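Peer 1: Test case, fold it:
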Amino acid sequence: MEYWEHDDNPLLGFYHRHWPAFLLLLLSLVLFFAGNGQLLITDPVESNYALTAKEMLASGDWLSPRIYGNYWYDKPWMFYGELLAAFRLFGETSFAARFFPAVFGTIGVLQTYWFAQKLYSRNVGFLSGLIMATSVEYFYLAKAVITDMTLFVAIDGALMLFYLAKTEKRPRLYYGAYALAGLAILTKGPLGLVLPGLIILAYLAGNRDFKTLAHMKLFRGILLALAIAALWYVPMTLLHGFAFLDGFIGVHNVLRATVSEHPRNNTWWYYFLIFLIGCFPWSLSLPWLWKKYGKTLKERIKTRTFWKSLDDRQRFLFLWVLVTWFFFECMATKYPTYTFPCLPPLAIGLACAASRLDLQYWVKRAAVAMGLLFTVLSFVLAAPLCRQASAWDAAQLVSAHHVPGVPVYVYGGRYPVSFTYYSKIPAPRLVTRQRLQQMRPEGISWNAKNMMPFQALEDLPDTGRLIVLVDQSSQKDFLQQVSGDWEKLGEGGRWTVWGRT
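Peer 2: Down below sits the predicted model:
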């Protein structure tokens with residue numbers, strides 16, 4: 001022990017003090033970067049982000065998101081900026097597209113370790129980081145080309161800095177919290193300030209501690225968050241006016257909160273099911289935790305002593321989970337990743353229980369097993385699944401047969417944006433004229449997301465060369481509706497490519 005603490009070995013001493021962080025860093029880098037170069041861009045979500053960034057890069061306009069040549073107001077700038085930087089550094093590759101999600105995934109594990117060891121101990125922080133990194137949902141989002149991991153780090157980092165600023169009486173940390181809230185607004189929109197704000201207000205109200213509001217640098221802090229967000233929102237509003245405000249605020253915020261985009265998900269148990277799947281394997285501890293603490297919990301709820309039985313740290317973590325869950329439960333649109341920001345308090349709570357009951361050994365063993373499993377699956381399972389969910393094969397097939405001037409279309413199924421991403425060929429979607437009128441992007445409705453080009457079936461010429469990607473389930477309908485002598489050029493994933501001479 002003395003050797004590690006000698007002043008003439010500062011590097012060894014530093015490692016001794018921070019070895020859990022080094023191990024978590026190594027685990028995260030292996031887990032979140034493994035196989036990323038082989039994971040193709042998938043439909044329907046990843047390809048929207050990747051193609052948008054690709055078109056922004058090609059246009060030289062790094063401010064205004066665009067897709068298929070049209071301005072696209074689906075998400076703010078932050079994640080597109082990450083993709084643009086990665087494409088510029090590494091080229092337009094799968095590794096580049098997944099680079100920053102993996103980086104932010106690593107940051108998220110380390111910031112959870114840092115926060116948990118501040119609240120409890122280095123051991124609890126280490127266990128919390130292990131639980132986070134080896135949860136199914138966290139592992140997936142650290143590789144996925146979507147905004148959620150960036151949003152996760154910004155929102156949860158803001159909450160962590162707020163709590164430490166309050167409890168450690170370090171007011172400068174409040175500014176860090178507001179700055180991260182500003183980055184969250186740049187990543188997803190007003191949610192970046194509203195959600196952490198509601199959690200903080202619930203926590204202060206639960207403790208009847210409204211005096212803290214006077215010490216939170218509230219006015220200057222919110223001004224800082226809004227100033228950071230204004231770096232993108234103001235120029236976008238000046239350049240695009242009401243089209244931007246209607247698209248971003250109207251469709252992707254107000255409409256999302258009031259009209260369900262995915263009605264089939266509107267069940268009371270939806271987010272509980274997401275918790276069971278997303279937090280696997282650690283969600284399997286739920287029956288054991290209920291057996292251990294369920295009787296005490298029911299008694300405290302019955303006697304109305306539950307809140308008083310919690311210490312200040314537990315109250316903050318509890319409301320972090322509860323408010324996040326309740327907030328998204330009230331939203332009309334439910335989505336698998338929405339409750340993702342409540343994972344750190346869940347991981348810290350489980351780590352505390354494991355530490356208290358001396359189960360650290362089993363948590364570490366389970367984490368190592370899941371880490372090895374995830375790493376292997378990145379190559380063995382994730383790569384073929386991504387290929388199946390991508391139109392890469394179809395893009396290669398069409399590119400081999402395509403002649404400049406010959407139009408390419410898509411028929412049936414879910415539109416494959418990844419086809420254009422990989423082939424650089426815009427392929428209009430073939431639908432009937434009546435269906436085309438129903439799907440046109442107009443007004444504040446979910447049709448506003450239909451940015452792909454369209455072509456009415458009735459307007460297709462009866463003769464002439466064409467190439468059509470047809471969904472496997474729509475082959476019969478296609479051959480009946482579209483006239484001509486068709487030659488099957490091959491199959492690429494779930495798409496069959498047909499050519500008409």
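Peer 1: For residue 293, see how far away the closest residue in space to residue 283 that isn't next to it in sequence is.
Peer 2: Counting by Cβ to Cβ, 6 or more residues apart in numbering, residue 276 is the residue found nearest to residue 283 once chain neighbours are left out, at 4.8 Å. Glycine gets a C-beta too; all of them are placed from N, C-alpha and C. Distance, residue 276 to residue 293, by Cβ to Cβ, to the nearest Å: 18 Å.
Peer 1: quick revisit: does the residue nearest to residue 283 count as helix, strand or coil?
Peer 2: At residue 276, secondary structure determined by DSSP: H, G, I helix; E, B strand; the rest coil is helix.
Peer 1: Quickly note the distance from residue 383 to residue 141.
Peer 2: Counting by Cβ to Cβ - residue 383 and residue 141 are separated by 18 Å.
Peer 1: Of those two, give the one with the bigger neighbour count.
Peer 2: residue 141 (26 against 18; other Cβ atoms under 10 Å).
Peer 1: just checking, what packs against the strand or helix carrying residue 241?
Peer 2: Using DSSP states H and E, the element containing residue 241 is helix 218-244. Packing contacts for helix 218-244, counted by 3 or more Cβ pairs under 8 Å, 6 or more residues apart in numbering; DSSP states H and E, involve strand 70-71, helix 172-188, helix 191-206.
Peer 1: switch to 7 Å and redo it
Peer 2: helix 172-188 (3 or more Cβ pairs under 7 Å, 6 or more residues apart in numbering; DSSP states H and E).
Peer 1: now the helix it packs on against helix 191-206, angle please.
Peer 2: Counting by axes from the mean of the first three to the mean of the last three Cα atoms, to 10 degrees, helix 172-188 lies at 140 degrees to helix 191-206.
Peer 1: Report the angle between helix 172-188 and helix 218-244.
Peer 2: 10 degrees.
Peer 1: what's helix 172-188 in contact with?
Peer 2: Under the criterion Cβ atoms under 7 Å, 6 or more residues apart in numbering, residues 75-79, 147, 150-151, 154-155, 157-158, 161-162, 164-165, 192-193, 196, 216-217, 221-222, 224-225, 228-229, 232 lie in contact with helix 172-188.
Peer 1: what's the average pLDDT for it?
Peer 2: Averaged across helix 172-188, pLDDT comes to 97.
Peer 1: Name the residues of it that are buried.
Peer 2: Within helix 172-188, the residues scored as buried using 16 or more other Cβ atoms under 10 Å are 173-188.
Peer 1: What ranges does this structure have for its strands?
Peer 2: In the chain, the strands defined using DSSP state E lie at 66-67, 70-71, 408-411, 429-431, 454-456, 466-471, 486-492, 495-500.
Peer 1: For the stretch 1-150 of the chain, which residues score under the pLDDT cut-off?
Peer 2: Within the stretch 1-150 of the chain, the ranges that satisfy pLDDT under 70 run 1-16.
Peer 1: Show me how far the helix holding residue 241 is from its chain's centre.
Peer 2: How far helix 218-244 lies from its chain's middle: 22 Å, per Cα atoms, centre = their mean, to the nearest Å.
Peer 1: Identify the spatial nearest neighbour of residue 259, chain neighbours not counted.
Peer 2: residue 332 (5.5 Å).
Peer 1: Report the backbone C-alpha coordinates of stretch 445-464 in CSV.
Peer 2: Coordinates of the C-alpha atoms in stretch 445-464 are reproduced here as CSV (Å, rounded to 0.1, in the frame of the first residue of the first chain):
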residue,chain,number,x,y,z
SER,A,445,-49.8,16.6,-38.7
TRP,A,446,-47.7,13.5,-38.7
ASN,A,447,-47.6,13.7,-42.5
ALA,A,448,-45.0,16.4,-42.0
LYS,A,449,-42.5,13.6,-41.5
ASN,A,450,-43.1,12.3,-45.0
MET,A,451,-40.1,14.1,-46.6
MET,A,452,-39.2,11.4,-49.1
PRO,A,453,-40.1,12.0,-52.8
PHE,A,454,-43.4,10.5,-54.1
GLN,A,455,-44.6,9.4,-57.5
ALA,A,456,-48.2,8.5,-58.3
LEU,A,457,-48.6,5.0,-59.8
GLU,A,458,-51.1,6.3,-62.4
ASP,A,459,-48.5,8.8,-63.7
LEU,A,460,-45.9,6.1,-64.5
PRO,A,461,-45.3,5.7,-68.3
ASP,A,462,-46.4,2.3,-69.6
THR,A,463,-43.1,1.8,-71.4
GLY,A,464,-39.5,2.7,-70.8
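Peer 1: Hmm, residue 113 and residue 347 touching each other?
Peer 2: No. If you go by Cβ atoms under 7 Å, residue 347 and residue 113 don't touch, sitting 9.9 Å apart.
Peer 1: joint contacts of these two?
Peer 2: Both residue 347 and residue 113 are in contact with residue 128, where contact means Cβ under 7 Å, 6+ apart.
Peer 1: Return the residues in contact with residue 478.
Peer 2: Per Cβ under 7 Å, 6+ apart, neighbours of residue 478: 411, 412, 470.
Peer 1: quick one: residue 311 and residue 207, what's the gap?
Peer 2: 11 Å.
Peer 1: re the thing from before, which of the buried residues of helix 172-188 lies closest to residue 455?
Peer 2: Taking Cβ to Cβ as the measure, residue 188 is the one of those closest to residue 455, at 33.3 Å.
Peer 1: gap between that closest one and residue 439?
Peer 2: Where residue 439 is concerned, residue 188 sits at a distance of 26 Å (Cβ to Cβ).
Peer 1: what do you get for residue 20?
Peer 2: Taken as Cβ to Cβ, the span from residue 20 to residue 439 is 52 Å.
Peer 1: out of these two, which sits in the busier spot?
Peer 2: residue 20 (18 against 14).
Peer 1: Skipping adjacent residues, who's closest to the more buried one in space?
Peer 2: residue 126 (3.8 Å).
Peer 1: Next: residue 489.
Peer 2: Distance criterion Cβ to Cβ, 6+ apart; nearest residue to residue 489, sequence neighbours excluded, is residue 497 at 4.4 Å.
Peer 1: so residue 97 makes contact with residue 143?
Peer 2: No. When contacts are counted by Cβ under 7 Å, residue 97 is not listed as touching residue 143 (10.0 Å).
Peer 1: Overlap of the contact sets of the two?
Peer 2: Joint contacts of residue 97 and residue 143 (Cβ under 7 Å, 6+ apart) do not exist.
Peer 1: what about those two, which has more around it?
Peer 2: residue 97 (27 against 23).
Peer 1: what's the neighbour count on the residue lying closest to residue 39 once chain neighbours are set aside?
Peer 2: Using Cβ to Cβ, 6+ apart and skipping the chain neighbours, the partner closest in space to residue 39 is residue 386 (4.6 Å). By other Cβ under 10 Å, the residues close to residue 386 number 20.
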